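Peer 1: Sharing a model prediction with you, sequence too.
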Amino acid sequence: MFFLSLMPDLSLALEAFIDAFALSVLVVPILYFFLLQPIQKSIIERERTEAQRFEIEKMDTLKSEFISIAAHELRTPVATIMGYTELLSDQKMFDTFTEHQKRDFLSTIYENGERLDRIVDDILDVSRIESGQCIPLNKKPLSIKSLLEKALYRLNLKSNHNLTLEVSPEVPEILEFDEHRITQVVDNLLSNAIKYSSEQSPITIVVEADNHRCSVTVTDQGIGMSNEQKDRIYEKFYRADTSDTAAQGLGLGMSIVKQIIADHDGTISIKSKLGEGTSVCFTLPRQQRNP
């Protein structure tokens with residue numbers, strides 16, 4: 001204080017500084033609480049609202065695209081079925097066809113009926129997923145090797161690809177899974193591999209197992225995917241290729257596949273590189289957990 005008494009101007013300045021500092025310690029939190037915090041919350045809320053609005057608009061766009069794709073996908077098999085049925089219903093034309101042609105017409109009608117059935121199943125499944133429901137499962141002790149052999153047999157009849165199955169000796173004879181749903185998964189993965197790779201190219205299914213899990217890996221040497229496509233492949237309504245030459249499909253398959261595997265307490269992963277092919281691996285528990 002003696003030093004300050006010698007410098008009254010400095011003393012006053014220090015006192016003013018101390019008062020201002022004390023006031024700021026009290027006022028700044030008050031200003032933040034009553035003024036700045038509401039503004040900050042308003043900004044955050046607006047940003048959140050903008051982000052939510054963007055996501056909603058994005059989903060609406062995807063759903064609109066999905067409706068358009070679904071209409072096209074449904075119209076094509078319906079038109080095919082109606083066309084061939086009309087041919088077979090006309091007695092005069094019917095008599096002009098050979099037995100081989102008639103069998104081909106009936107086979108085409110049946111295949112397109114199956115396609116319609118798959119489309120309806122996909123729409124019902126994604127509707128369940130959207131509403132937060134699990135896809136219904138009917139698990140039974142079954143052979144994964146037998147299921148895969150049946151799938152390959154069916155596809156070999158229609159495909160010109162070189163499909164092979166490799167089963168490791170460690171794979172157990174019996175696992176517990178839903179036959180219809182895992183067949184749906186396998187058919188989806190193999191169909192994708194066939195769609196996006198050239199004829200005669202190899203497609204392999206490798207089945208392995210450790211003490212906890214059994215893994216099924218489908219590998220092709222097709223067109224592959226970019227990193228963005230890999231990141232979005234499980235999104236509902238997403239199709240990696242939307243060009244006029246794109247393969248058929250609603251863009252629901254992989255989102256349903258992921259849900260089916262999750263409901264089996266399994267995992268699924270994808271490795272892919274543009275121009276080099278894709279490898280998709282899903283796992284199933286070797287032993288089911290007790291309920």
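Peer 2: Sure thing, it's come through. Numbering: from 1, shown residues only.

Peer 1: which SS class is the residue nearest the centre of the chain?
Peer 2: By C-alpha atoms, centre = their mean, the mean C-alpha position of the chain lies nearest to Tyr234, the distance being 2.0 Å. With DSSP: H, G, I helix; E, B strand; the rest coil as the basis, Tyr234 sits in coil.

Peer 1: Relative to Val185, how far out is the closest residue to it other than its chain neighbours?
Peer 2: What sits nearest to Tyr234 in space, not counting adjacent residues and going by C-beta to C-beta, 6 or more residues apart in numbering, is Lys258, at 4.9 Å. The way it works is simple: take the backbone N, C-alpha and C, and place the C-beta from them, glycine included. According to C-beta to C-beta, to the nearest Å, Lys258 and Val185 sit 9 Å apart.

Peer 1: These two: who's more crowded?
Peer 2: Val185 (28 against 18; other C-beta atoms under 10 Å).

Peer 1: What residues does Arg286 make contact with?
Peer 2: 172, 175, 209-214 (C-beta atoms under 8 Å, 6 or more residues apart in numbering).

Peer 1: Nearest to Val120 among those?
Peer 2: Leu175 (28.3 Å; C-beta to C-beta).

Peer 1: tell me which residues form a beta bridge with that closest one?
Peer 2: For Leu175, the beta-bridge partners under DSSP bridges are Leu142.

Peer 1: How about the contacts made by it?
Peer 2: 141-144, 214, 284-286.

Peer 1: And the residues you listed, which two are furthest apart?
Peer 2: Among these, Ser143 and Pro285 lie farthest apart (C-beta to C-beta), at 15.6 Å.

Peer 1: Using the record's assignment, carve this structure into domains.
Peer 2: 10-133, 142-285 (automatic domain parsing).

Peer 1: I'd like those domains as a markdown table, with mean pLDDT appended.
Peer 2: As requested, the domains of the chain are exported to a markdown table (pLDDT from 0 to 100):
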| stretch | mean pLDDT |
| --- | --- |
| domain 10-133 | 70 |
| domain 142-285 | 86 |
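
Peer 1: So which of these has the densest surroundings on average?
Peer 2: domain 142-285 (a mean of 17; mean count of other C-beta atoms under 10 Å).

Peer 1: Can you give me the end-to-end span of that domain?
Peer 2: Taking C-alpha to C-alpha, to the nearest Å as the measure, domain 142-285 stretches 13 Å from start to finish.

Peer 1: what does stretch 153-169 give?
Peer 2: Stretch 153-169 end-to-end distance (C-alpha to C-alpha) = 21 Å.

Peer 1: Ala262: which element?
Peer 2: helix 253-263 (DSSP states H and E).

Peer 1: so after that helix, what's the next helix or strand?
Peer 2: Beyond helix 253-263 toward the C-terminal end (DSSP H and E), the next one is strand 268-273.

Peer 1: rewinding a little: could I get the contacts of Arg286 as JSON lines with secondary structure?
Peer 2: JSON lines is the format used below for the contacts of Arg286 (three-state DSSP):
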{"residue": "Pro172", "secondary structure": "coil"}
{"residue": "Leu175", "secondary structure": "strand"}
{"residue": "Ala209", "secondary structure": "strand"}
{"residue": "Asp210", "secondary structure": "coil"}
{"residue": "Asn211", "secondary structure": "coil"}
{"residue": "His212", "secondary structure": "coil"}
{"residue": "Arg213", "secondary structure": "strand"}
{"residue": "Cys214", "secondary structure": "strand"}
